[in-house]
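Colleague: below are the sequence and a predicted model; questions follow.
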Amino acid sequence: MSREGVVRVAKTKQVLTPREIFGVPYVKITYGSRTFTLKVAYMIASTYLPYERGMQDLKCIDGNWSNYDLSNFEWYNAREEIEKNSEGENWKPIKGFNRQYEICEDGRIRRYSDGEAVSSYQKTDGTLLVKLWKKSRASSYVVAKLVADISLTANPSITFVIRTETKVMYIIQTSLGGARRGKSITLSIGKSRSLLMNMTQTET
């Protein structure tokens, strides 16, 4: 590994050709029977740039990950910075993703590790969706449902129901004076990403 970003195999001296992913150079490294895709800048910094304990994340100062000058990189703790910049906001990990993603009550989604925003998209009927990865497989999720999952208190008696393409409903069964009643909480997120909550109470 050279400071100029040249990566080669130690035994054969073969130079590995980087491949750009979203403008960031990566190389594939084989170790035993496993193959890893590593960021070239991270390899350079790990080799030549000292870092303090707890500062395991790499920041590119000018945003150009192909600029391998050591002065362009800085070690920092991404999680600490994320939490500092999110004071006053209610972010919670998305259930079922082992702290891979987290979501705010207004529908914004970001990666848990580095705070990078995850873009959502809309279907023609206005439904707001987001594509998330789990075990090397991407699936689309309704943003309103993800918001509801963190906004409503977990309860085994909650039944999740899709009422329309653009709205999500939770039916919460409660007992009031011996009579069974259901509270319908409808959550939808529009183009403005604002959270609309309409609460009604109906007999069951």
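Modeller: Done, it's in. Numbering: from 1, shown residues only.
Colleague: can you confirm residue 92 is in a helix?
Modeller: No: assigned with DSSP: H, G, I helix; E, B strand; the rest coil, residue 92 falls outside any helix and is strand.
Colleague: and for it, the neighbour number?
Modeller: 14 (other C-beta atoms under 10 Å). Just so you know, the C-beta spots here come from the backbone N, C-alpha and C atoms, and that holds for glycine as well.
Colleague: quick one: contacts for the nearest residue to it once chain neighbours are set aside?
Modeller: Once flanking residues are discounted, residue 92 sits nearest to residue 150: 4.2 Å by C-beta to C-beta, 6 or more residues apart in numbering. Taking C-beta atoms under 8 Å, 6 or more residues apart in numbering, we find residue 150 in contact with 90, 92, 94, 95, 103, 105.
Colleague: quick check: the fifth one vs residue 119, distance?
Modeller: Residue 103 sits at a distance of 13 Å from residue 119 (criterion: C-beta to C-beta, to the nearest Å).
Colleague: give me the more crowded residue out of those two.
Modeller: Neighbour count, other C-beta under 10 Å: between residue 103 and residue 119, residue 103 has more, with 25 against 7.
Colleague: hey, what's that one bridged with?
Modeller: residue 92, residue 109 (DSSP bridges).
Colleague: can you pull the contacts of it?
Modeller: Residues counted as contacts of residue 103 (C-beta under 8 Å, 6+ apart) are 91, 92, 94, 109, 143, 146, 147, 150.
Colleague: output stretch 102-118 as PDB, nothing but the C-alphas.
Modeller: In PDB, the C-alpha atoms belonging to stretch 102-118 read as follows (Å, rounded to 0.1, in the frame of the first residue of the first chain):
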ATOM      1  CA  GLU A 102     -32.400   4.700  12.200                       C
ATOM      2  CA  ILE A 103     -35.400   6.900  11.500                       C
ATOM      3  CA  CYS A 104     -36.700  10.300  12.800                       C
ATOM      4  CA  GLU A 105     -40.400  11.000  13.600                       C
ATOM      5  CA  ASP A 106     -40.600  13.300  10.500                       C
ATOM      6  CA  GLY A 107     -39.700  10.400   8.200                       C
ATOM      7  CA  ARG A 108     -36.000  11.000   7.600                       C
ATOM      8  CA  ILE A 109     -33.900   7.900   7.500                       C
ATOM      9  CA  ARG A 110     -30.100   7.600   7.900                       C
ATOM     10  CA  ARG A 111     -27.400   4.900   8.300                       C
ATOM     11  CA  TYR A 112     -26.700   4.300  12.000                       C
ATOM     12  CA  SER A 113     -22.900   4.000  11.600                       C
ATOM     13  CA  ASP A 114     -22.100   7.300   9.800                       C
ATOM     14  CA  GLY A 115     -25.300   9.200   9.700                       C
ATOM     15  CA  GLU A 116     -25.500   9.200   5.900                       C
ATOM     16  CA  ALA A 117     -29.000  10.000   4.700                       C
ATOM     17  CA  VAL A 118     -31.000   7.300   2.900                       C
END
